[in-house]
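Asker: A structural model of the following input is requested.
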Amino acid sequence: MKLIINCLIALALCSCSKDNFEIETETDIYTWNRELYRITPSYKYINNVRISDEPKEEFVSYDVIKLSSQQAQQQQDSLFQASNGKYLYRFKKVSTHK
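Answerer: So this is what the prediction gives:
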């Protein structure tokens with residue numbers, strides 16, 4: 001029984017991991033599309049019990065920036081943590097020119 005529970009926990013941890021950016025050397029600079037989204041949870045009340053729904057993402061702004069993969073990951077993590085999960089950056093690599 002403990003083995004099954006441990007396997008389920010390990011599977012849950014692996015499935016919850018966030019998308020990793022490609023690991024590149026720190027000096028490689030790329031052009032990224034950076035989109036800022038506001039996350040707004042919607043709530044429903046059933047018999048005075050609050051039930052949270054799927055969070056909704058509202059587009060806020062768009063930038064084209066030049067960063068390394070590591071810097072992009074740090075910006076994404078930093079904003080999400082500083083805003084308590086209310087804002088989120090989405091990065092898309094545009095070009096690999098330095």
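Asker: quick one, helices of this structure?
Answerer: For the chain, the helices defined by DSSP state H occupy 2-15, 69-82.
Asker: Any idea which of those has the lowest pLDDT on average?
Answerer: Lowest mean pLDDT within these: helix 2-15, a mean of 66.
Asker: low-scoring stretches of this protein, by residue?
Answerer: For the chain, residues meeting the criterion pLDDT under 70 lie at 2-3, 6-8, 10-26, 42-46, 48, 50-53, 96-98.
Asker: again, 90 this time
Answerer: Low-confidence segments of the chain (pLDDT under 90): 1-28, 39-57, 69, 80-81, 83-88, 95-98.
Asker: Which parts of it are strands?
Answerer: Secondary structure of the chain (DSSP state E): strands located at 30-40, 43-46, 49-52, 56-67, 87-95.
Asker: Format those strands as TSV; extra columns: distance to residue 4 and mean neighbour count.
Answerer: For glycine as for every other residue, the C-beta is placed from the backbone atoms N, C-alpha and C. As requested, the strands of the chain are arranged in TSV below (distance: least, CB to CB, whole Å; neighbours: other CB atoms under 10 Å):
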stretch	distance to residue 4	mean neighbour count
strand 30-40	34	16
strand 43-46	33	8
strand 49-52	29	8
strand 56-67	36	12
strand 87-95	35	14
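Asker: Ok, which of those comes nearest residue 75?
Answerer: Between residue 75 and the strands of the chain, the shortest separation by CB to CB is 6.0 Å, and it involves strand 87-95.
Asker: Which residues does that closest one contact?
Answerer: By CB atoms under 8 Å, 6 or more residues apart in numbering, the surrounding residues in contact with strand 87-95 are 21, 30-39, 57, 60, 64, 72, 75-76, 79-80.
Asker: Kindly present the strands of the chain as a markdown table, with separate columns for distance to residue 5.
Answerer: A markdown table is the format used below for the strands of the chain (distance: least, CB to CB, whole Å):
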| stretch | distance to residue 5 |
| --- | --- |
| strand 30-40 | 31 |
| strand 43-46 | 31 |
| strand 49-52 | 26 |
| strand 56-67 | 34 |
| strand 87-95 | 32 |
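Asker: With residue 1 as the reference, name the closest of the ones you listed.
Answerer: strand 49-52 (30.9 Å).
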